[in-house]
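> generate a structure from the sequence data that follows.
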Amino acid sequence: MCIRDRGDILYFVGEDPRSSAPHESRLNPMIPSGYDYDFIDTEAILTRLEVKDGRIVTPEGLSYRVLVFGDRKKVTLKLFRKIRDMVEQGMCLIVSSKPDGSPSLSDYQDDEDLREIINELWGDLDGELVKERSFGKGKIFWGMSLKDVFDRLNIRPDFEFSSKSSDALINYIHRRIGNEVDIYFIANRKRCAESLVCTFRVNGKQPEIWNPETGEVTAFPIYEVLEDGRVRLPIYLGPSGSIFVVFQSQTSNERFTSLERNGEVILSTKPFPKASSGLYPNVVNNFTISVWVKPEVNASLPFSAMFPSISGACWIFYPPEGEIIYGRNHAICGLVAGRNGIAVYERSKGNPIPVLTVQMPLEGWTHIALIYEDGIPSLFVNGRFVSRGAKSSGLVHPGVGEPYLNDTVTTQPTYTIGDMGKPEVFNKVLNFIDVKKIFDAGPPKIDEYLPVDIIGREKVELLFWKGGNYILRGPNSCIEFQIPNIEQSLEIASPWKVSFPPGLGAPSEIILTKLISLHKHQDIGVKYFSGTATYTSKFTLQPDFISEDKRIYLDLGRVENIAEVKVNGKDLGIVWKPPYLLDITDAVKIGENDLEVQVTNVWINRLIGDEQFPAEYDYGGDMGFMGGAIRELPDWYREGLPKPTGRRITFTTWHLYDKDSPLVESGLIGPVILKVSIKKSISG
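The predicted structure follows:
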């Protein structure tokens, strides 16, 4: 049975079992990163907890190192009597204040006994001069951060990471199977690739990488065991990527600490340096920020500086406090974008303040140029000027790439739900021709994967995507690979036949001489199509394309949103996020090959397409949130019958979009390319 029996923190949320747990950003004391925690209420403390060997345990086998009581001035006698007993038995208790009585007037007669227990526990503890006190076999801490407490108790973080970028958003979960196997699930919350160096609180075990998409298991050979027994290794996560890191066997004698290509380190156990702030001290008041975005939700656009609407803002990049970074009278700009428009913010201290808002539909990939000229912000969208703001009262710097994870803003930033390219900062004011040239070059390419992958469990192998001189370096050995230039690739650019299912408004089939998003097609049935479209084409492989040490992959490029692939009638599976990459080695043959890609998109475009026709039902009813509900359900719906035939194809009980709402990209957009990799065993 898989359980997490090695937690760190139990956090008390209150006396009322119906109360919801607060967001971690509002906890006092704050939970440091890298420590696992659960919330607990009074009843669970009274009925489900005991102390064994200095740990807090539950009947299911879950255990924790500390109980955090937080900032609670009123407590019940029954609860604190149990807490007193648990500390005496060996529990570590962390508090933010000293309680002064019961929360209930009916318990006033217990106050004397309660104060006696509190004074017994606290003793000379005052949270200022005395911050730590022993009681029985346990300890009480007051006036210390959780990180300081864990340092005192020699409890290292369960999971730590550093990233090549300064703004990686990484989630993790740790579970154990018995006393032997540790399982970590690591997830990238952004749609851009992240290179990480991660440290795991395990006792000197060999890491295995389990791929949740393919089921492949790799005995990962690049790692080091730290002096305290923890294991550190590099991890590469693709856009929205996730992996399991499993530790279940003792470390191998043959392990490495880095992998290089042509003298450049690709993977290393050395942590990335901490991100520094103040990246643009000499870029002020006159600069340009260029970025491609493809938002998928509306942003909370501000009405004015009095109503900044930061929560759920969909930040492209978030500004730190300019006066802290650069000094008095300095500000840093930030950018928000959603399907409904764009907003520019400036921040000198406190929360960001909106300085320019443009409400306009953003459809598919959109290019934004934010230009500051003499402290005045202007916005260009898809190569065209759209709006200008007022001159800033201070000196404004770009906010691109500034670290934000430890920011003290009262409302934590929400980042773009959708895709975006890497913002580019120019230390000059670009003119209209420069901006138009960037727009004409088109959206950015999908993040490239690493030039080499590590695969295999019993026999570890390297899968090379690029030629060059590769070196695996370790404390006891060094292995070198000389890989020739891998230039073989084939774009499938022949005409594509696209077939559509009946009854969804699209023609039975069309021919595309070039892959485009379906929402850009001139036929309105294709433009507004939602469902599964089937793309078919052919490609020819020459004999030199196939050999024993080569693997052939199909890279679909951009896909909106899910693709199922068949080559020569063989089902190769489903891909749902970038890179849309599939190993087709065992399905291809020399000569002509058949390719079929079934692409399913979301239904937004069809809903907007139906808005081009007269309404079939009356909307505007109130269901407790705004006024988009259908006023009366139709009889056919109540009776469970099919929707009657009409000009509209869809039916909803809520009015979601208007006829002018921005469409989203859909279908197979490509380019579709066959790529070759070379596989070599790590032993030579």
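> what's the closest non-adjacent residue to the residue nearest the centre of the chain?
The residue lying closest to the centre of the chain (CA atoms, centre = their mean) is Arg189, at 0.7 Å. Using CB to CB, 6 or more residues apart in numbering and skipping the chain neighbours, the partner closest in space to Arg189 is Leu169 (3.9 Å). Yep, even glycine has a C-beta here, placed from its N, CA and C like the rest.
> can you check what pLDDT the model gives that neighbour?
At Leu169, the model reports a pLDDT of 86.
> quick one: contacts for it?
Taking CB atoms under 8 Å, 6 or more residues apart in numbering as the contact definition, Leu169 lies against 188-190, 415.
> ChimeraX command to pick out the buried ones of those?
The following ChimeraX line selects those of the contacts of Leu169 that are buried, judged by 16 or more other CB atoms under 10 Å:
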select :188,190,415
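> wait, Phe161 touches Glu194, no?
No: here Phe161 does not reach Glu194: they are 9.1 Å apart, not a contact under CB atoms under 8 Å.
> identify the contacts common to those two.
Common neighbours of Phe161 and Glu194 (CB under 8 Å, 6+ apart) are 168, 170.
> just the C-alpha atoms of stretch 588-601, please, in PDB.
Extracted as PDB, the C-alpha positions of stretch 588-601 are listed here (Å, rounded to 0.1, in the frame of the first residue of the first chain):
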ATOM      1  CA  VAL A 588       7.600   3.100 -40.900                       C
ATOM      2  CA  LYS A 589       9.100   1.400 -43.900                       C
ATOM      3  CA  ILE A 590      11.300   2.200 -46.900                       C
ATOM      4  CA  GLY A 591       9.200   3.800 -49.600                       C
ATOM      5  CA  GLU A 592       5.700   5.300 -49.300                       C
ATOM      6  CA  ASN A 593       4.100   5.500 -45.900                       C
ATOM      7  CA  ASP A 594       0.500   6.500 -44.900                       C
ATOM      8  CA  LEU A 595       0.000   9.000 -42.000                       C
ATOM      9  CA  GLU A 596      -3.200   9.700 -40.200                       C
ATOM     10  CA  VAL A 597      -3.600  12.300 -37.400                       C
ATOM     11  CA  GLN A 598      -6.900  12.700 -35.600                       C
ATOM     12  CA  VAL A 599      -7.000  16.100 -33.900                       C
ATOM     13  CA  THR A 600      -9.700  17.000 -31.400                       C
ATOM     14  CA  ASN A 601     -10.100  20.700 -30.400                       C
END
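> quick one: contacts for the residue nearest to the centre of the chain?
With contacts defined as CB under 8 Å, 6+ apart, the neighbours of Arg189 are 169-171, 240.
> now do 10 Å
Listed by CB atoms under 10 Å, 6 or more residues apart in numbering, the contact partners of Arg189 are 168-171, 237, 240, 242, 415.
> same question for Gly138.
Each residue near Gly138 by CB under 10 Å, 6+ apart is listed here: 51, 54, 66-67, 83-93, 121.
> return the subset of those residues lying in helices.
Taking DSSP state H as the definition of helices, the contacts of Gly138 contribute 83-88, 121.
> list only buried entries from the residues you listed.
Neighbour counting over these (16+ other CB under 10 Å) leaves 83-84, 86-87, 121 as the buried ones.
> pull the most distant pair out of those.
Pairwise distances among these were taken by CB to CB; the largest, 10.7 Å, belongs to Met86 and Leu121.
> any idea how far Arg232 lies from Phe200?
Look at Arg232 and Phe200: by CB to CB, to the nearest Å, they are 8 Å apart.
> between those two, which contacts overlap?
Counting by CB under 10 Å, 6+ apart, the shared contacts of Arg232 and Phe200 are 160-161, 207, 223, 226.
> name the helix or strand for Gly442, please.
Element membership of Gly442, judged by DSSP states H and E, is empty: it is in no helix or strand.
> give me the spatial nearest neighbour of it, chain neighbours excluded.
Nearest non-adjacent residue to Gly442 (CB to CB, 6+ apart): Trp365, at 8.0 Å.
> make a PyMOL selection of the buried ones in the shared contacts of Arg232 and Phe200.
Selection of the buried residues among these in PyMOL, burial being defined by 16+ other CB under 10 Å:
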select buried, resi 160+161+207+223
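> of the shared contacts of Arg232 and Phe200, closest to Asn593?
Relative to Asn593, and with distances defined as CB to CB, the nearest of the shared contacts of Arg232 and Phe200 is Pro207, at 37.9 Å.
> output the below-cut-off pLDDT ranges for the protein.
Confidence mapping of the chain against pLDDT under 70 gives the ranges 1-6, 15-26, 71-74, 101-110, 253, 303-312, 404-414, 416, 621-627, 683-684.
> those helices in it, which residues are they?
42-48, 77-88, 111-122, 146-152, 322-325, 432-440, 524-527, 604-610, 635-638.
> save those as JSON lines, and put in distance to Leu541 too.
Formatted as JSON lines, the entries for the helices of the chain read as follows, by distance: least, CB to CB, whole Å:
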{"stretch": "helix 42-48", "distance to Leu541": "63"}
{"stretch": "helix 77-88", "distance to Leu541": "69"}
{"stretch": "helix 111-122", "distance to Leu541": "76"}
{"stretch": "helix 146-152", "distance to Leu541": "57"}
{"stretch": "helix 322-325", "distance to Leu541": "55"}
{"stretch": "helix 432-440", "distance to Leu541": "34"}
{"stretch": "helix 524-527", "distance to Leu541": "31"}
{"stretch": "helix 604-610", "distance to Leu541": "35"}
{"stretch": "helix 635-638", "distance to Leu541": "52"}
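> okay, those helices, which one's buried deepest?
The highest mean neighbour count among the helices of the chain belongs to helix 604-610 (a mean of 23), with neighbours defined as mean count of other CB atoms under 10 Å.
> for that helix, name the packing helices and strands.
When contacts are defined as 3 or more CB pairs under 10 Å, 6 or more residues apart in numbering; DSSP states H and E, helix 604-610 packs onto helix 524-527.
> chain center to the helix it packs on: distance?
33 Å (CA atoms, centre = their mean, to the nearest Å).
> tell me, how many residues neighbour the residue nearest to Phe244 when sequence neighbours are not counted?
The shortest distance from Phe244 to any residue that is not its chain neighbour, by CB to CB, 6+ apart, is 3.8 Å, and that residue is Trp210. As a burial measure, the neighbour count of Trp210 was computed by other CB atoms under 10 Å and equals 16.
> which residues touch Leu656?
Contacts for Leu656 (CB under 10 Å, 6+ apart) come out as 603-604, 607-608, 611, 619, 628, 650.
> ok, it to Thr650 distance?
10 Å.
> list the residues that contact both of the two?
With CB under 10 Å, 6+ apart, Leu656 and Thr650 have common neighbours 603, 607-608, 611.
> residues contacting Ser268?
195, 197, 222, 224, 232-234, 256-260, 473.
> for it, give the beta-bridge partners.
Beta bridges link Ser268 to Ser258, judged by DSSP bridges.
> same check on Ile209?
Bridge pairing for Ile209 (DSSP bridges) gives the partners Thr218, Val245.
> residues near it, how many?
Ile209: 20 neighbours (other CB under 10 Å).
> which residues are in contact with it?
Residues 186, 216-220, 233, 235-236, 243-246, 454-455, 457 are the ones in contact with Ile209 under the rule CB under 10 Å, 6+ apart.
> how close does it get to Asp151?
Distance of Ile209 to Asp151, given as CB to CB: 31 Å.
> between Met86 and Leu121, which contacts overlap?
Counting by CB under 10 Å, 6+ apart, the shared contacts of Met86 and Leu121 are 93, 136, 138.
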